[in-house]
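1. Sequence and predicted structure, then a few things I'm wondering about:
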Amino acid sequence: MPIQISAQHVKQLREKTGAGMMDCKKALQASEGDIEIAVENLRKKGLASADKKSSRIATDGIIESYIHAGARIGVLVELNCETDFVARRSEFQKLAKDVAMQIAACESVSHVSLTDIPKNIIDAETRIESSKEDLKNKPQEIKDKIVIGRVEKNLKTKSLMNQRFIRNQDISIEELVKQHIALLGENIRIRRFQKFVLGEGLEKKNNDFSSEVAEILKQ
């Protein structure tokens, strides 16, 4: 069972490395609270200082496409970096391809991150969860906490950055991008994407989406 790490220790490690809060917490848990070992581990993973670079302007990059076998699912994604030099790097181009495949494999993903989800969608999710039968007899304070937790969980299914990477379930897409920021030395940002599903919006028979994901992973 992971050891408890104080917020102060997480903050201290973040100030030393510039890594994300969750990355710092995980590193401290793995090192049993030893900050120096945690710093070393973050550097080995390429996560130290990645967050510092993430505030820099990224206007270069590429638009990547992915068409799934059978031509039934297609994706266009814009991946930004700071310079044309990095945009031409094979590592950057592979990241763009992996992100496009990830989008194709995630049926419910509709936005890049949680902050991109419009207020009307959040309000709609809140209304739905608030009216669930199992909450009717609960005290308002408890009900509110449950609704917040459920809404957050639902919204994460719509956020690309919160998805587990299909090629490595140990990391999220956000962590994958951070690793490439550290590797390539520039800010990298998934700006936007569009997914096309053949016949979407038309009345048709149900398809086995899980088999589609399995095929994508074979690529």
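-> Arrived safely, thanks for sending. Residues are numbered from 1 along each chain as shown.

2. So for the protein, the centremost residue is which one?
-> By CA atoms, centre = their mean, the chain has its centre lying nearest to Met161, at 1.5 Å.

3. Isn't that one up against Ser172?
-> Yes. Met161 lies in contact with Ser172 (CB atoms under 8 Å); the separation is 6.8 Å. All C-beta spots, glycine's among them, are computed from the backbone N, C-alpha and C.

4. which residue packs closest to Val197, ignoring adjacent ones?
-> Ile73 (5.6 Å; CB to CB, 6 or more residues apart in numbering).

5. hang on, the earlier thing: wait, a helix at the residue nearest to the centre of the chain?
-> Yes. Counting by DSSP: H, G, I helix; E, B strand; the rest coil, Met161 is part of a helix.

6. please renumber so the chain begins at 136
-> Yes, from this point I'll number from 136; that puts the last item at Met296.

7. so how far is Ile257 from the residue nearest to Val332?
-> 27 Å (CB to CB, to the nearest Å).

8. who has more neighbours, these two?
-> Ile208 (23 against 15; other CB atoms under 10 Å).

9. sec struct for Lys160, please.
-> Relying on three-state DSSP, one would call Lys160 helix.

10. so what's it scoring on pLDDT?
-> pLDDT recorded at Lys160 is 86.

11. residue contacts, it?
-> 140, 145 (CB atoms under 8 Å, 6 or more residues apart in numbering).
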